[in-house]
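Colleague: Structure, please.
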Amino acid sequence: MRFSLEKKPEENQAVMEIELPEEEVARALERAYRRLVRRITVPGFRRGRVPRPIFERFVGKDQLYTEALDELVPNAWSAAVSESGLRPLGTPSIQIIQMEEGKPLRFRATVELYPEVKLPEYRSFEVRRRKVTVTEEQVDEVLHQLARRRGGYEKVDEPARPGCHVVVDYEGRMNGERVEALSEQDVLMEVGSSGFPSPFDATLEGMQAGDTRRCEIRFPDDHPARGWAGKKVEFTITVKEVRRRHIPELNDEFAQSFGFANLEELRANYKSMLLKTENEIADQEVQEQLFQRLVEEAEVDLPESLVEREVDFLIQELEDDLKRRSLSLEDHLRLTDMTLAELRQQTRPRAARRVRTRLVAQAFAEAEGLEVSDEEVESAVQRRGLSTASRQRLQEMELLRREIRNDLFLSKILRRLMEVARVMEADESAEGEGSGVDNSPRQQ
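Modeller: The predicted structure follows:
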């Protein structure tokens, strides 16, 4: 195989002329004949037993050439791309220059290329990392949350108030008809945070076990469920139990229930955990600042085809999400008073940002020699305790692997960016020069 390559940077395209020798073409034509002769019936002959000259006269040489080209062109194009190092964006446009028996095959492939990305001098980036501290008040708050989670609820004979839990039966009626979707029994809910509109919670306040009350709720006109939009629903609510939270006291006995010798040891453990978490958050803040600057300062011309493809993806993602909520894209367009063209236009800036971010991230990874191995992906899958034993979950698992690979890839990029940039420690309140900033690079 021989090929010539012409790049057209102003059009972000490449034109490649590829030539395959006569012998390779002849072998492909013979393979094409053997495939077709098993599929096509020629009168007077058993299928697969037709001599090639007779078969060619029956089906025409053009069909034989078309079958051979379907094999030759993709294989030759793939080999030429691999050898040339091109980064094609999509499939090429193919023009056959020469395809005759006894002569080499020559064809021209025109393809759009991924754009060149000019990265900024990211090794000279400077960023200050806030100084991490954990106060005793923060530790107190975590321990109080722990106590609330460890505590339970006890049934009480007193009126319900915000923060209490109640077990209720409720029935919703619209125009006198029971609405099954708005009727439930033995539901545990927190007063003040029931998930229903405020009149429902207001009705619960002050109720005791055995009480029954009614309240009326009007659904907004733009409610996504068309059957309920603008309608009034009358709820009948019966409280069956009132439960009050019991919170254990923070003392040595409480600490021992978690396997610690005393409260002081428990506090030290949680303070250490908080410090670790805060340091991780501080590192993430630095990584996000550096990555945002990398993306913003990189120079790249976004191909229209990539942006359009990303718009298609985001619209499909929206449509899938709407379906999960029993809505359609048409419902969304009606509720937002938009046409599909307007939605696409609104989505374009987000799509362009995503394409730009992806291109810059890939360019940085190539510059730094970063990649994610199959072993790393499988290790992450196993850490999540996932299995591919179920055949119907294979496609699901493949999507998950791709998601895990992307997450690992981004994590490597962020860590490397933080390693190569100049990260300096600073007090949270420090601003600019003369603020007590340690100007020595932070050790990673």
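
Colleague: On the three-state scheme, the residue nearest the centre of the chain is what?
Modeller: Nearest to the geometric centre of the chain sits Glu403, at 6.7 Å (Cα atoms, centre = their mean). What DSSP: H, G, I helix; E, B strand; the rest coil gives for Glu403 is helix.

Colleague: Same question for Glu17.
Modeller: Of the three states, Glu17 takes strand under three-state DSSP.

Colleague: Was I right to think it contacts Ser4?
Modeller: Yes. The criterion here is Cβ atoms under 8 Å, and Glu17 meets it with Ser4 at 4.9 Å. C-betas here are computed from N, CA, C, even on glycine.

Colleague: who has more neighbours, the two?
Modeller: With neighbours defined as other Cβ atoms under 10 Å, Glu17 and Ser4 compare such that Glu17 has more, 16 against 11.

Colleague: Provide the partner residues of that one in its beta bridges.
Modeller: Ser4, Arg108 (DSSP bridges).

Colleague: tell me the contacts of it?
Modeller: Applying Cβ atoms under 8 Å, 6 or more residues apart in numbering to Glu17 gives the contacts Phe3, Ser4, Ile97, Arg106, Phe107, Arg108, Ala109.

Colleague: Same question for Ile413.
Modeller: Contacts of Ile413 (Cβ under 8 Å, 6+ apart): Phe291, Ala361, Phe364, Ala365, Glu368, Leu370.

Colleague: Where do the strands of the protein begin and end?
Modeller: Under the criterion DSSP state E, strands of the chain are mapped to 2-8, 13-20, 93-98, 105-112, 126-130, 152-155, 165-174, 177-190, 212-218, 232-246, 422-426.

Colleague: Pull out the buried residues from the contacts of Glu17.
Modeller: Neighbour counting with 16 or more other Cβ atoms under 10 Å marks Phe3, Arg106, Phe107, Arg108, Ala109 as buried within the contacts of Glu17.

Colleague: and which of the residues you listed is nearest Asn251?
Modeller: Comparing these against Asn251 with Cβ to Cβ places Ala109 closest, at 77.1 Å.

Colleague: Can you verify my assumption that the closest one contacts Glu6?
Modeller: No. Contact criterion Cβ under 8 Å: Ala109 and Glu6 do not qualify, at 11.1 Å.

Colleague: Find residues that contact each of these two.
Modeller: Val15, Met16.

Colleague: Not counting its neighbours along the chain, what's nearest Arg35?
Modeller: In this structure, Arg35 finds its nearest non-sequential neighbour in Glu67, 6.5 Å apart by Cβ to Cβ, 6 or more residues apart in numbering.

Colleague: tell me the mean pLDDT over stretch 49-58?
Modeller: Averaged over stretch 49-58, pLDDT sits at 92.

Colleague: ok, now stretch 294-307?
Modeller: Averaging pLDDT along stretch 294-307 gives 93.

Colleague: hmm, who's touching it?
Modeller: With Cβ under 8 Å, 6+ apart as the test, stretch 294-307 has contacts from 12, 89-90, 112, 114-120, 122, 125, 348, 351-352, 355-357, 359-361, 363-364, 417.

Colleague: let's go with 7 Å and repeat that
Modeller: Applying Cβ atoms under 7 Å, 6 or more residues apart in numbering, the contact partners of stretch 294-307 are 12, 89-90, 112, 115, 117-120, 122, 348, 351-352, 355-357, 359-360, 364, 417.

Colleague: Next: stretch 46-54.
Modeller: Residues outside stretch 46-54 that contact it (Cβ under 7 Å, 6+ apart) are Tyr33, Val37, Arg38, Thr41, Val42.
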